[in-house]
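> The following comprises the amino acid sequence and a computationally predicted model.
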Amino acid sequence: MAADSLRMMEVDLMYPPFDSWDSDGEYERFIQRMNPPRVVIDNESCINATVVRVDSANRYGILLEVVQVLTDLNLIIVKAYISSDGGWFMDVFNVTDQEGKKIRDEATITGIVDYIRKSLGADSSFVPSRRRSVDFTPSYDYTSIELTGTDRPGLLSEVSAVLTDLKCNVVTAEIWTHNTRAAAVMQVTDELTGGAVADPEKLSRIKDLLHNVLRGNNKTRGAKTAISVGGTHRERRLHQLMFADRDYVRSGQDSVDDSTRRPNVSAVHCYDKDYSVVTIRCRDRPKLLFDTVCTLTDMQYVVFHANVDAGGPEAYQEYYIRHIDGHPAKSEAERERIIQCLEAAIERRVSEGLKLELCTTDRVGLLSDVTRIFRENSLTVTRAEVSTIGGKAVNTFYVRDVAGNQVDAKILDAMRQSIGQTVLQVREVSRSPPQESPSRFLFGGLFKSRSFYNFGLAKSYS
C-alpha cells in the first residue's frame, strides 16, 4: 500500500495540474530539480541539420524559453516538432549555423547543451511564471530606457538629441516601427561616471523630456516612458511593448493590395481535440519562430503541439493551442484577434529600403549626429540596432525616404561624405516598388495543407 502511495506521489510530481502553472516560487523550483531538463544533440538522424532534443518538466512559457535560447545562440531553426500534453515537455528542433551547416564542433555542441540546461534549470535567470514574463538581471553598468509612441519622421533623431543634451551615451539600443507605432529599448550611461545614471533628478528629467518628445502633437494615442537600472532581453521586450501598445490594431484604411500581402494566418477550432489550430504561411526569415511564439505567450496561450517547417524560402507553422484557462478560442472575435496579433508579430521585424551600417569609434552624441543627418536629408529610420563593442559603435539602420520614394543616390553620397565614406556603408537596397507596403514581401497561400489534423497528432511525435 505504501509503495502504491509513493508511485501515485511520483506521478503527481511529474504531471502537476494545469492550475499549478500559475504558482510562483519553491514548488516550481522543486519540480525542476526533481526533473532536470535533458538535452540531446544528434548529428546522425538528419542529413542537413543538427537535431536538438529537449525534454523537461512542463511549465507555462517553457517553449518560448527554449526558442529564445536557440535564437540567442545564433542557430537557425529549420524544423521543429513540439508536444507538451500532460506535465512533460518534449521538443525536437532541427538547427543549423548561420551558414546553413550542421553544428560539428564538439566545444560548440557542449556549450549548447550546457547553455540550454542552465537556462531551463531551477536556478536559471529565466523567470517561468507568466506574472514575471521579462528576463531581468540587475546591473549598475547602465540605465535601461523603454519607449513607446506614435512613429514619425525624425523621432529617433529627437530622442537621441535629448539624451545627448542630458550627457547620456547610448551604449545599445533597438528600435522597431510598425503600423504607425514605434518602440525602443535603450541602454545608456552617464557621461560623467561611465555607469548607470544615479541622480534621481536627472532620471526624472530624462523621463519627462522623452515622454514629451514621444507624445508630440498626438492626442489620440498615448506615449510611455519607463526607466530602470538593469537589463532585459531587448527583442523579447520589444514584442511586449508593441503588443501592449496595440500595434496590431490597423487603421481601417488599408487597401486591398496591402491586405493580400500580409502573412497568411488562420485560426480555427478543432472540435475532435478541443484545440484552436493556428496556421501561418509566409516567407521565411531569421527569428520568425521566436517572434510568433513571443506573441502567443504574451496573449497567454499555451502551445500543446506544433509543427514548424522552414526548410525553404517559405515557412509553415502550425500550433495547437488553448488559453491558460484551459479553453480554446471561444469566439470568432477572439480568433480574429489571434490572427491580427500574429500578423503584427511577423511584420514588426520586416525591414525594407536602404540598409546602412555604421562602424566608428564611439562617443557621446554620435547617434544624435548621425540620425540628425538622416533627418536633414529627408530620411526616416524604420528600424535600428545600436551596439558598442570594444569602444566601437556598430550600428545598423534601415531607412527610407519620408515620401516613400527610393533614396536618391546623390543624397546617399552626400551623407557618406558628411559622416565618412568608410564609416557608413550601404549593405542592401530594396528593389521593390517604393509605393508598396513595408510588409509587401510577406505572402501566403503557397502551401498545400500539411496539418497535423490530416494525419493525427500521435504520428507527428512518434
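Now that the structure is in, tell me what you want to look at.
> Could you give the bridge partners of the residue nearest to residue 278 when sequence neighbours are not counted?
Leaving aside its sequence neighbours, residue 278 sits nearest to residue 319 (Cβ to Cβ, 6 or more residues apart in numbering; 4.5 Å). The C-beta positions use only the backbone N, C-alpha and C, and glycine is treated the same way. Beta-bridge partners recorded for residue 319 (DSSP bridges): residue 278, residue 306.
> neighbours around residue 319, how many?
27 (other Cβ atoms under 10 Å).
> Could you shift the numbering so residue one becomes 17, and keep it that way?
Right, with 17 as the first residue, what we last looked at is residue 335.
> Isn't it up against residue 312?
Yes. Taking Cβ atoms under 8 Å as the definition, residue 335 is a contact partner of residue 312 at 6.7 Å.
> Just confirm residue 107 is within a helix.
No. The assignment for residue 107 is strand, going by DSSP: H, G, I helix; E, B strand; the rest coil, so no helix is present there.
> In contact with it, which residues?
69-71, 79, 82, 96-99 (Cβ atoms under 8 Å, 6 or more residues apart in numbering).
> any idea how the chain splits into domains?
Structural domains assigned to the chain are 18-148, 160-263+368-445, 272-366+457-476, following automatic domain parsing.
> Please spell out the segments of the stretch 317-466 of the chain that come in under the pLDDT threshold.
The model of the stretch 317-466 of the chain has pLDDT under 70 over residues 368, 444-466.
> now swap in the stretch 167-316 of the chain and tell me
Filtered on pLDDT under 70, the stretch 167-316 of the chain yields the residue ranges 233-237, 245-247, 267-277.
> What strand or helix carries the nearest residue to residue 439 once chain neighbours are set aside?
With Cβ to Cβ, 6+ apart as the criterion, residue 439 has its nearest non-adjacent residue at 4.5 Å, and that residue is residue 376. Using DSSP states H and E, residue 376 falls within strand 370-377.
> same question, residue 292
If you go by DSSP H and E, residue 292 is part of strand 291-299.
> helices and strands around that strand, which ones?
strand 280-286, helix 304-314, strand 317-325, strand 330-339, helix 348-363 (3 or more Cβ pairs under 8 Å, 6 or more residues apart in numbering; DSSP states H and E).
> can you tell which of those is closest to residue 258?
Nearest of the helices and strands packed on strand 291-299 to residue 258, taken as Cβ to Cβ: helix 348-363 at 7.1 Å.
> contacting residues around the residue nearest to residue 415 when sequence neighbours are not counted?
Nearest residue to residue 415 in three dimensions, chain neighbours excluded: residue 395, at 4.5 Å (Cβ to Cβ, 6+ apart). Counting by Cβ under 8 Å, 6+ apart, residue 395 makes contact with 370, 415-418, 423, 427.
> Filter those down to the ones in helices?
Among the contacts of residue 395, DSSP state H puts residue 427 in helices.
> Of the contacts of residue 395, which is the nearest to residue 205?
Nearest to residue 205 out of these is residue 415 (Cβ to Cβ; 26.0 Å).
> neighbours around the closest one, how many?
Residue 415: 22 surrounding residues under other Cβ under 10 Å.
> do residue 348 as well
When neighbours are defined as other Cβ under 10 Å, residue 348 has 10 of them.
> and if you look at residue 400?
The number of residues packed around residue 400, counting by other Cβ under 10 Å, is 22.
> quick one: low-confidence parts of the stretch 17-166 of the chain?
Using pLDDT under 70, the stretch 17-166 of the chain drops low at 17-51, 137-155.
> Would you quantify the distance from residue 323 to residue 394?
Shown here: residue 323 relative to residue 394, a distance of 46 Å by Cβ to Cβ, to the nearest Å.
> how about the helices in the chain?
Counting by DSSP H, the helices of the chain are 18-30, 42-50, 78-88, 122-136, 171-181, 216-231, 250-260, 272-276, 304-314, 348-363, 382-392, 425-435, 468-471, 473-476.
> Separate out the buried members of the contacts of residue 107.
With neighbours counted by 16 or more other Cβ atoms under 10 Å, these contain buried members at 70-71, 79, 82, 96-99.
> what's the most distant pair in those residues?
For those, the maximum inter-member distance is 14.4 Å, found between 71 and 96 (Cβ to Cβ).
> how about stretch 181-189: buried residues?
Neighbour-count burial for stretch 181-189 flags 182, 184-189 (criterion: 16+ other Cβ under 10 Å).
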